[in-house]
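> Can you look at this prediction? I've put the sequence above it.
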Amino acid sequence: MIKENLTKVRSTLADGVRLIAVSKTKPVADLQEAYDAGQRLFGENKALEMRDKHAVLPNDIEWHFIGHLQTNKVKYIAEYVSLIHSIDSLHLLEAVDKEAAKHDRVIDCLLQFHIATEETKFGLDMTEAQALLESPEYAQMKHVRIVGVMGMATNTPNRDLVRQEFRTLHSYRDQLAEKYFVGHPEFKEISMGMSHDYDIAMEEGSTLIRVGTSIFGARDYGVSIND
């Protein structure tokens, strides 16, 4: 059903929105099936799981890291990752810059904001994001490029709340663009929206949606992940 599910999701995409197939915990065979159906953007949240899948799947896949990233795991993805969605501290961005330099790469990154009511989710607030962007450490970085923002809405049936949180994230992107990224058209991405709320996210300006369950089915928590 993966091919059919992908076709269904793609038929709902707004103009300018890219689909990330969230493949975390899914076996390589499922990713290959999605790849054969034309999918090229895949999202993982475990560095070692991404490394192992990258090693055996086609090399034109665009790998997106979408989970909380530990600094000591950056080295496992720095050689090939296309976009890290989850930069939530200066310390992490420094680690990405350091590892990217070893591979003579510039890695695109998103600043992750905490927009939900749940305290369990990671992310910056606007004051912290501004402090990061104004820091002397960031000014010296040569191997990272911040291209937008990411956030996760509250897991709730209250769609008005979800909409407001997505609208807040969009406003953060616009505020940062005006203050720190004038003349940098690459700072345009808004990664927001998952299987249950990506329709609202697209209405509120998302450019990247992260969809797993609607493509692959429910997550398999029984899969052993070495991370």
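It's in. Note that the coordinates shown come from a computational prediction; the quantities given were computed from them, not determined experimentally.
> And the residue nearest the centre of the chain, how far from residue 210?
Computing the C-alpha centroid of the chain and ranking residues by Cα atoms, centre = their mean puts residue 85 first, at 3.2 Å. To residue 210, residue 85 is 8 Å away according to Cβ to Cβ, to the nearest Å. (Each C-beta comes from the backbone N, C-alpha and C, glycine too.)
> Overlap of the contact sets of these two?
Both residue 85 and residue 210 are contacted by 43, 64, 66, 191, under the criterion Cβ atoms under 8 Å, 6 or more residues apart in numbering.
> Hmm, residue 192 and the residue nearest to the centre of the chain touching each other?
No: using Cβ atoms under 8 Å, residue 85 makes no contact with residue 192, being 9.9 Å away.
> Settle this for me: residue 45 is touching residue 67, isn't it.
Yes: applying Cβ under 8 Å as the test, residue 45 and residue 67 come out as touching, 2.5 Å apart.
> Let me see the residues that make contact with stretch 16-31.
Stretch 16-31 is contacted from outside by 2, 6, 9-10, 13, 34, 39, 41-46, 49, 53, 56-57, 64, 66-67, 191, 194, 202, 206-212, 215-216, 219-221, 223, 225, using Cβ under 8 Å, 6+ apart.
> where exactly do the strands run in this protein?
Listed in chain order, the strands of the chain (DSSP state E) span 18-22, 41-44, 62-65, 83-87, 107-113, 144-151, 189-191, 208-211.
> mind listing what the third one pairs with, with the direction of each?
Under the criterion DSSP bridges, strand 62-65 sits next to strand 41-44 (parallel), strand 83-87 (parallel) in its sheet.
> Now pLDDT and neighbour count too, for the shared contacts of residue 85 and residue 210, in JSON lines please.
Listed next are those as JSON lines, based on pLDDT from 0 to 100; neighbours: other Cβ atoms under 10 Å:
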{"residue": "43", "pLDDT": "98", "neighbour count": "24"}
{"residue": "64", "pLDDT": "98", "neighbour count": "27"}
{"residue": "66", "pLDDT": "97", "neighbour count": "26"}
{"residue": "191", "pLDDT": "98", "neighbour count": "28"}
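> Where does the prediction get shaky in the chain?
Along the chain, segments meeting pLDDT under 70 span 120-121, 219-227.
> Could you tell me the angle between the helix ranked longest in the chain and strand 144-151?
Using DSSP state H to define each element, the chain has its longest helix at helix 159-180. Angle between the axes of helix 159-180 and strand 144-151 is 160 degrees (criterion: axes from the mean of the first three to the mean of the last three Cα atoms, to 10 degrees).
> What lies in contact with helix 159-180?
111, 113, 115-117, 126, 129-130, 133, 148-151, 153-154, 156, 184, 187-190, 192-193, 197, 200-201, 203-206.
> next one: phi and psi at the nearest residue to residue 3 once chain neighbours are set aside?
With sequence-adjacent residues excluded and distances taken as Cβ to Cβ, 6 or more residues apart in numbering, residue 3 is closest to residue 37, at 4.1 Å. Main-chain torsions, residue 37, degrees, to the nearest 10: phi -90, psi 10.
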